[in-house]
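Enquirer: Take a look and give me a structure for this.
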Amino acid sequence: MEWASFLCENGPFHSSRGIDSCKWLLSDGRYQGDQEWQPYGCMMHHYNQIDTKRCLLYLVYLKQHNHFVFIGDSRIRQLYTGLLEHLDHRDQRDPTPTTGPDNQHSDLNYINSKLRIKVDFIWSPYVSPHMVQRFNQWKSEKEPPSVIVAGSATWSIKESNASLHSVKEYSTNLTRLVQAINDIVAKKSKVLWTLQEPVDEKKLHPSRSMITNEQLNKYNQAAVQILQHSAALLWSSSRLVAQGTLNESPDGLHMSPLALKHDTQILLNMYCNDHMNFNDGTCCSSSEPYTTLQVVTFSILGVSSVLALTMFVRRKFQRCQGTASVEFSPLNEQSKQAAETSVYTLVCSLGRMGCIMAYFFLCDRTSFFMKENKYYSPISFWLPLAYILALGLFFTEDSRFTKVLHRDQTEEWKGWMQLVILIYHMTGASGILPIYMHVRVLVSAYIFLSGYGHFCYFWQRGDAGLVRFFQVLFRLNFVTVLLCLCMNRPYQFYYFVPLVSFWFLMVYLVLALPPQVTGTSSKSNPLQYLYLVLKFVGLFSVITILYMSEVFFEKVFVTRPWKALFVTTDDDIHEWWFRWKLDRYSISYGMVFAVVYLLAQRYNLLNDNNHSNLFSPGIALSVTLASLIAVGSYTTFSFLCRNKLECNEIHTYTVFVPIVGYVVLRNISGVLRTRYSSFFAWFGRISLELFICQYHVFLAADTHGVLVLVPGYPVLNAIITSFIFICLSHDVHRITYALLPFAVPQDWRLVLRNAVLFLVVLVPIGIHDGMF
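Expert: Numbers count the residues shown, from 1 in each chain. Have a look, this model is predicted:
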């Protein structure tokens, strides 16, 4: 398996860099997107004032004190003022010194009793006995400062006129700090030594002309050499942050306002992330602890993997020994071998699934692989979109089907929609309203197709039995339920699967409840059409009643025992309410379209039995023009609506317009209807697995970030991550269908037995999670 081989190759590389995300945050990074700072290998949460206040007060609740100390020269004072500006939006750039307003080179302090935080700045422009004395003083304290940020060099260079003797003196005094730093860190404090940022030599005042980047590098080298084996954290990413905006520096020496904001965010992420529950902040955040249920699940899958390997080796050995083939064995021997083959398929499928789940867990629940924030830029979204469109058009071929929305066409539709959604999620394009609205149409179209497909299947075959019902539910939910157990996430986290499962249940109830209306029964009894209309009216009425009262909606869906299926980790049902109401009529639109199409086909209003056009040239031209207007109108609406709340409200009632418009444009011409993209159709066959698996091996941190397998090379990382993710999704799809006959046999009695067994397993889990 490609992903397994990559894991073995990537492990040594990753281990050589370490897995301490705090060191990643402070050591390296790059600018991307709209001048946003991306730390090396981890995700940085953007702290606003409210987030910061929550963090500080929570730490006080945990009996920790919030005490920041900045000690150094004017560059360190900038960091001090930057933190104060973040805590209090009043102008803190020139805070009043404790020793007098006219003395710039003095100690400063800030105390906020509401936030329970104290921030000090100590003027110490040299690594001198004065700085050593300060560190020794903190070392002797029972509770030293929570965070100490130190650094200096520019004054030493300036006063010594860039002499080598000053570098040696700097190194000597820095060495004297090591023991004190180690003792302070042993008391659970953090000490950051800030490496010197580069200067813009052209902007420097003549009195600072000796402060060159060459000199600063010498001091940085000395600091790294002495402190790299101490308990101090070397803050080298601050240097890279400043370097990226050096042209915006006000005087060539000090940081730009943007760089200062990024440095403040780095400090807050280092200090708060491990105590806060921000999904988009993985830097300095510990891995999620395991649960008993996860251990049990992985133990079962692990045993399956070992058994699968054992059976595989045994089979290979038997073949080498020349065991008789099935064709020439007695009947009882053939039955025995068939049973062995069946057990082998079951165990091997579970074993492969165990390996895949282990990789999922390694990617998204540990720090073994890196994660980065999403950043949108037009080129990062539209370029891959254009690329996959070109590939899809290149791999086109004739279909053996001619019907409207035939299998090849629906698979193609699902395929390109899923690829667009993946690009949308990876690039973080949800903040762009027109793109967001068009992706909402794609999700609605999938539900529309679900309603259309299930209705057509029942109309043509009349199969509303338990076997069919459980087959569909198993295909939809097998991977999701397993991920819930392995990844410790609620069912509602994978929102799309609960959504399509719920709407399938509604379709099944509407179609299976008597009187059942099928294509055959409606031919002999036209009254069946009235029954069908009444069923649709009932469905629309139930949906509308649920929507009209959110309180009633919540009472229905938070009722035990099914409450656990609809709430998030925080026991909140609003996510389900939002998803449900957004596409509440999409399944009905699909069913109504199916009725209109099937009746039009029955009464010869259109002809899709051959490669010809659906309508005569005049009608076809009018319908095509109307469809273009329909699609164009929705696109225009997506650009004109002002906010997501307003757009979503209108979307629910109008989404059928672009969907039906697309269906007409795609099918009205016989040439277009009977050709399809095999490239998109291949992805369409595994679209559900792609949607589910993206949460953990394509995206990361509960979809708030992206997985990083190749750090430092975003394009190469996207290619490799996508390749492994697609291979995994395809493998999961094959395993699901391999396990389907075991989970849902053709005998309805065996199906009920398996359903009861599943409930028996589910009950203790539900009791543990408070379902009953």
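Enquirer: helices and strands around the longest helix along the chain, which ones?
Expert: Criterion DSSP state H: the longest helix present in the chain is helix 331-364. Judged by 3 or more C-beta pairs under 8 Å, 6 or more residues apart in numbering; DSSP states H and E, helix 331-364 is in contact with helix 2-17, helix 292-320, helix 466-487, helix 687-697, helix 714-743. The way it works is simple: take the backbone N, C-alpha and C, and place the C-beta from them, glycine included.
Enquirer: got the angle for the fourth one vs helix 714-743?
Expert: Going by axes from the mean of the first three to the mean of the last three C-alpha atoms, to 10 degrees, helix 687-697 is angled at 120 degrees with respect to helix 714-743.
Enquirer: May I see the buried residues of helix 687-697?
Expert: 687-697 (16 or more other C-beta atoms under 10 Å).
Enquirer: now the residues you listed as CSV including distance to Lys53 and pLDDT?
Expert: Listed next are the buried residues of helix 687-697 as CSV, based on distance: C-beta to C-beta, whole Å; pLDDT from 0 to 100:
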residue, distance to Lys53, pLDDT
Ser687, 43, 96
Leu688, 42, 96
Glu689, 42, 97
Leu690, 40, 97
Phe691, 37, 96
Ile692, 37, 96
Cys693, 38, 96
Gln694, 34, 95
Tyr695, 31, 93
His696, 32, 93
Val697, 36, 94
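Enquirer: Out of those residues, which two sit at the greatest distance?
Expert: Using C-beta to C-beta, these reach their maximum pairwise distance at Ser687 and His696, which is 17.0 Å.
Enquirer: pretty sure Tyr585 contacts Thr652?
Expert: Yes. The pair Tyr585 / Thr652 is scored as a contact, 6.2 Å apart, by C-beta atoms under 8 Å.
Enquirer: neighbour-wise, which of these two wins?
Expert: Tyr585 (23 against 17; other C-beta atoms under 10 Å).
Enquirer: what's the distance between the more buried one and Tyr452?
Expert: 14 Å (C-beta to C-beta, to the nearest Å).
Enquirer: Can I get the helices and strands packed on helix 331-364 in JSON lines including distance to Val756?
Expert: Formatted as JSON lines, those follow (distance: least, C-beta to C-beta, whole Å):
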{"stretch": "helix 2-17", "distance to Val756": "36"}
{"stretch": "helix 292-320", "distance to Val756": "19"}
{"stretch": "helix 466-487", "distance to Val756": "12"}
{"stretch": "helix 687-697", "distance to Val756": "26"}
{"stretch": "helix 714-743", "distance to Val756": "13"}
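Enquirer: Those helices: which one's closest to Thr282?
Expert: Per C-beta to C-beta, nearest to Thr282 of the helices and strands packed on helix 331-364: helix 687-697, 13.8 Å.
Enquirer: Neighbours of Ile19, how many?
Expert: Neighbour number of Ile19 under other C-beta under 10 Å is 15.
Enquirer: Where does it sit, in terms of helix or strand?
Expert: Counting by DSSP states H and E, there is no helix or strand that carries Ile19.
Enquirer: what stretches of the stretch 251-400 of the chain score poorly on pLDDT?
Expert: Low-confidence segments of the stretch 251-400 of the chain (pLDDT under 70): 322-340.
Enquirer: List the buried residues of stretch 255-275.
Expert: Across stretch 255-275, burial judged by 16+ other C-beta under 10 Å covers 255-256, 258-273, 275.
Enquirer: Which ones among these map onto helices?
Expert: 258-272.
Enquirer: what ranges do the helices span in the stretch 601-750 of the chain?
Expert: Secondary structure of the stretch 601-750 of the chain (DSSP state H, counting those that start in this stretch): helices located at 617-640, 644-654, 656-667, 670-673, 678-685, 687-697, 714-743, 748-768.
Enquirer: Make TSV out of those and add distance to Tyr219.
Expert: Converted to TSV, the helices of the stretch 601-750 of the chain look like this (distance: least, C-beta to C-beta, whole Å):
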stretch	distance to Tyr219
helix 617-640	54
helix 644-654	50
helix 656-667	62
helix 670-673	68
helix 678-685	54
helix 687-697	44
helix 714-743	32
helix 748-768	58
